[in-house]
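[1] Predicted model and sequence below, questions to follow.
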Amino acid sequence: MANKVKLIPFSQIEKRWMKNPEFRRIIKEREPYFNVVRQLVKERIKQKRTQEYMAKKTGLRQEAISAMESLRREPQLSTLYKYATALGVKVLKLS
């Protein structure tokens with residue numbers, strides 16, 4: 001029997017991140033990136049997709065997906081496009 005992956009709701013992930021002062025500083029500096037990445041991660045979780053799945057679909061390494069999602073690395077537009085395309089997202093609402 002295959003192992004089931006339990007996905008954590010994004011709200012819980014974000015709450016945990018916001019406890020970290022360094023993360024709050026990064027968010028302030030990188031707010032435009034964060035807004036886009038937040039929407040993409042919410043969609044990934046809504047679709048019950050793992051980082052490993054996204055890595056396979058985008059051709060990126062799981063570590064790169066993790067770095068992008070945690071804002072340790074500012075994503076390039078091409079990376080965001082690959083990620084969004086893998087999720088079937090056609091248009092991102094930037095707000």
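    That came through fine. Every value quoted in this text rests on a predicted model; they were computed, and no experiment measured them. Residues are numbered from 1 along each chain as shown.
[2] Please tell me how far Ala64 sits from Gln12.
    Counting by C-beta to C-beta, to the nearest Å, the separation of Ala64 from Gln12 is 23 Å. Bear in mind the C-beta positions are built from the backbone N, C-alpha and C, glycine included.
[3] mind checking pLDDT for Ser66?
    At Ser66, the pLDDT value in this model is 92.
[4] Show the secondary-structure elements that the helix or strand where it lies is packed against.
    Assigning secondary structure by DSSP states H and E places Ser66 in helix 62-69. Contacts defined by 3 or more C-beta pairs under 8 Å, 6 or more residues apart in numbering; DSSP states H and E place helix 62-69 against helix 31-46, helix 51-58, helix 77-87.
[5] For stretch 73-89, give the mean pLDDT please.
    For stretch 73-89, mean pLDDT rounds to 90.
[6] Just the CA trace of it, in CSV.
    The C-alpha trace of stretch 73-89 is given here as CSV (Å, rounded to 0.1, in the frame of the first residue of the first chain):
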residue,chain,number,x,y,z
ARG,A,73,15.7,32.4,-3.2
GLU,A,74,13.9,35.0,-5.4
PRO,A,75,12.3,33.1,-8.3
GLN,A,76,13.0,34.0,-11.8
LEU,A,77,9.9,34.7,-14.0
SER,A,78,10.6,31.6,-16.0
THR,A,79,10.5,29.5,-12.8
LEU,A,80,7.2,31.0,-11.7
TYR,A,81,5.9,30.4,-15.2
LYS,A,82,6.9,26.7,-15.1
TYR,A,83,5.4,26.3,-11.7
ALA,A,84,2.1,28.0,-12.6
THR,A,85,1.9,26.0,-15.9
ALA,A,86,2.4,22.7,-14.0
LEU,A,87,-0.6,23.6,-11.8
GLY,A,88,-2.7,24.6,-14.8
VAL,A,89,-2.8,28.2,-13.6
